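In: A structural model of the following input is requested.
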Amino acid sequence: MSSSRKKVIVRRITGETVPGYLPLAAFVRNGTVDLLDLSGHVISIGLTDIKYICYVRDFNLNDTANPERLTRRTFLARPRTEGLWLRLTFRTEDQLEGLAPIDASLLDDLIGDAGLQLIPPDIRSNTQRVYVPRTAITDLQLLAVITTPSRKKPLPKSAATSLQSELFNTPLPPNTRTN
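Out: As a prediction, the model looks like this:
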């Protein structure tokens, strides 16, 4: 097994979960996901059958109801991490909020993997990242663009510096005395 494959739990639209291993990106081929299951077999799952894929720390195989432990689905307050604050509504009518990257990797995920990679509201839980295929989303809302306040654009050179340079270059009247 390649070390680039991460632990995932695939949640199907029907509610069934399938644990296995997937790479972080470029895992969708011809509308299917080839999941390496825990017994070492490759299982092909269609994107239309997947609700979301959770990249997890632990499989929690004893918990059959919620092994990904995605308990908090919305942010309690404005997130502090930089990103696009999104709210997704699934075909099953439930919602999930998350942060998507602001840079071009958002478009790479939409084109290459036909879905969105999100950071869930509680990253201290078992789920570290969530992939949601486009076919599972019925509504997508952009709630806010979160940026860090320390990143400010440099101000353009103002006209005040040019006035100050003219002050020292102007000639003095002939009858003034210097100190």
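In: got a pLDDT number for Ser3?
Out: Looking at Ser3, its pLDDT is 62.
In: hmm, I was thinking of Gln164
Out: With respect to pLDDT, Gln164 scores 67.
In: select the longest strand from this structure.
Out: Counting residues, the longest strand found in the chain (DSSP state E) is strand 137-146.
In: how about the CA coordinates for it, as CSV?
Out: Presented in CSV, the C-alpha positions along strand 137-146 are these (Å, rounded to 0.1, in the frame of the first residue of the first chain):
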residue,chain,number,x,y,z
ILE,A,137,-25.2,18.5,-3.4
THR,A,138,-28.5,20.1,-4.1
ASP,A,139,-27.7,23.6,-2.7
LEU,A,140,-24.5,25.4,-2.1
GLN,A,141,-24.3,28.7,-0.2
LEU,A,142,-21.3,30.9,0.2
LEU,A,143,-21.7,32.3,3.7
ALA,A,144,-18.4,34.4,3.9
VAL,A,145,-14.9,34.8,2.7
ILE,A,146,-12.7,34.5,5.7
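In: hmm, who's touching it?
Out: Residues outside strand 137-146 that contact it (CB atoms under 8 Å, 6 or more residues apart in numbering) are 78-91, 97, 99, 102, 116. No exception for glycine: its C-beta is placed from N, CA and C like everyone else's.
In: what subset of these is buried?
Out: Buried subset of those (neighbour count, 16 or more other CB atoms under 10 Å): 79, 83-88, 90, 97, 99, 116.
In: and the residue of the chain most remote from its centre, its phi and psi?
Out: Ranking residues of the chain by C-alpha distance from their mean position (CA atoms, centre = their mean) puts Asn175 at the top, at 70.6 Å. Phi and psi for Asn175, reported as degrees, to the nearest 10, are phi -90, psi 10.
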